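**Q** Fold the following and give me the result.
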Amino acid sequence: MSLKPLGDRVLIKPDAAEQKTASGLYIASNAQEKPQRGEVVAVGAGKVNDKGERVPMDVKVGDHVIYGKFGGNEIKVDGEDYLLMRADDIYAIVE
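**A** Okay, here's the model as predicted:
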């Protein structure tokens, strides 16, 4: 894949939706919740502040993150689903 986000945008590969509950019941595909976790695949160069300096990004490629349920734009690249979102829409890095 050759996709490079611009500015403070981040490309995320969402985790698979849960297909089974903790008790073992299968969830219908139309009832599955959108995942809120994923892996950072590509990162932009960062935002430019008022002084014209580039602000470094808080996330890097390979980080597993938690993001807003309805944040970002869903895109398809090479048959794979990704989310393209601003770094501000990412809430936490999972360590």
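
**Q** ok, what's across the strand from the nearest residue to residue 72 once chain neighbours are set aside?
**A** Nearest residue to residue 72, sequence neighbours excluded (Cβ to Cβ, 6 or more residues apart in numbering): residue 85, at 3.0 Å. Placement of C-beta: from N, CA and C, glycine included. Counting by DSSP bridges, residue 85 is bridged to residue 10.

**Q** Point to the residue nearest the middle of the protein.
**A** residue 12 (3.2 Å; Cα atoms, centre = their mean).

**Q** tell me which residues in whichever strand or helix holds it are buried?
**A** Using DSSP states H and E, residue 12 sits in strand 9-14. Across strand 9-14, burial judged by 16 or more other Cβ atoms under 10 Å covers 9-12, 14.

**Q** before we move on, back to that, confidence score at the residue nearest to residue 72?
**A** We have a pLDDT of 93 for residue 85.

**Q** same question, residue 65
**A** For residue 65, pLDDT reads 94.

**Q** so who does residue 60 touch?
**A** Shown in contact with residue 60 (Cβ atoms under 8 Å, 6 or more residues apart in numbering): 40, 43.

**Q** Just to be sure, it is in a helix?
**A** No. Counting by DSSP: H, G, I helix; E, B strand; the rest coil, residue 60 falls outside a helix, being coil.
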